[in-house]
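**Q** turn this into a model:
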Amino acid sequence: MGGLVPSPADMEVINALNSVFSDPRLTALRTWMDTAGNDKQLFAAGRNLHRIAYRLKIHPNSNAGTNPRGRWFKFLKDFLKERPDGVGHPKNHDIILAALESFVDDAINCKGIHFWARYGSGAELPTGIDYKAVVTQEPPDPNSGSYWGSITLLCRHDLPNNAGDIPDPSKANHGDDNGEGGDEQPPV
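**A** You can find the predicted model right below:
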């Protein structure tokens, strides 16, 4: 989000992601999603990552730089539209959303999700692609079969300083997704 990847604001986001998507908060999220009247489809296709990040309170909290919170939401909304594997393949946004849905839905085996961002080498990022989401399932525990998911964002460069920002994607700002249920910001 400016500076070196991962910048201090990036690290705030990475730490928030790792906190929400590991226990005890991951169990609380899964329980909330499974409770009647809440949002069982939080990570379903067609949902928006910037809205999910707002709902789960995953954003920078510091005031370092120019509106890092608004820049984070702008990044999620507008900078993950590339198709790193070419035409006919999913956009980064959809790759990440599908991984979240799959890992969160696998409550029996998936113990959590690790997140990271780093610069990608020329061999890792196709020409003309600035970002690439890489999703992996880490090797399972040989005894229990449990595993961790991993989502890494490869970056060709920092988010440009002139990338802009957007207001919080709250219901008040007309940021809600179709079919949402439950609390706007779940207690997880």
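
**Q** what about this structure, any weak spots by pLDDT?
**A** 1-5, 64 (pLDDT under 70).

**Q** that one: strands as residue ranges?
**A** 110-119, 131-137, 147-155 (DSSP state E).

**Q** quick one: buried residues of the last one?
**A** In this case it means strand 147-155. For strand 147-155, burial by neighbour count (16 or more other C-beta atoms under 10 Å) applies to 147-155. In short, each C-beta sits where N, CA and C put it, glycine included.

**Q** what pairs with it, parallel or antiparallel?
**A** The pairing partners recorded for strand 147-155 under DSSP bridges are strand 110-119 (parallel), strand 131-137 (antiparallel).

**Q** any idea how far the shortest one is from the chain center?
**A** Using C-alpha atoms, centre = their mean, to the nearest Å, the mean C-alpha position of strand 131-137 is found 11 Å from that of the whole chain.

**Q** may I have that strand exported as PDB, CA atoms only?
**A** The C-alpha trace of strand 131-137 is given here as PDB (Å, rounded to 0.1, in the frame of the first residue of the first chain):
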ATOM      1  CA  TYR A 131      -0.600  -8.800  -8.900                       C
ATOM      2  CA  LYS A 132      -1.000 -12.600  -8.600                       C
ATOM      3  CA  ALA A 133      -2.800 -14.500  -5.800                       C
ATOM      4  CA  VAL A 134      -1.200 -17.800  -5.000                       C
ATOM      5  CA  VAL A 135      -3.300 -20.300  -3.000                       C
ATOM      6  CA  THR A 136      -1.800 -23.400  -1.600                       C
ATOM      7  CA  GLN A 137      -2.800 -26.100   0.900                       C
END
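
**Q** returning to that earlier point: for the strands of the chain, which one sits closest to L17?
**A** Among those, the nearest to L17 by C-beta to C-beta is strand 110-119 (4.1 Å).

**Q** what's in contact with that closest one?
**A** By C-beta atoms under 8 Å, 6 or more residues apart in numbering, the residues outside strand 110-119 that reach it are 5-6, 10, 14, 17-18, 21-23, 26, 99-100, 103-104, 138, 146-157.

**Q** do the same with stretch 163-182
**A** Stretch 163-182 has contacts (C-beta under 8 Å, 6+ apart) with 32, 35, 37-41, 44, 46-48, 50-51, 54, 66-67, 69-71, 73-75, 77, 79, 184.
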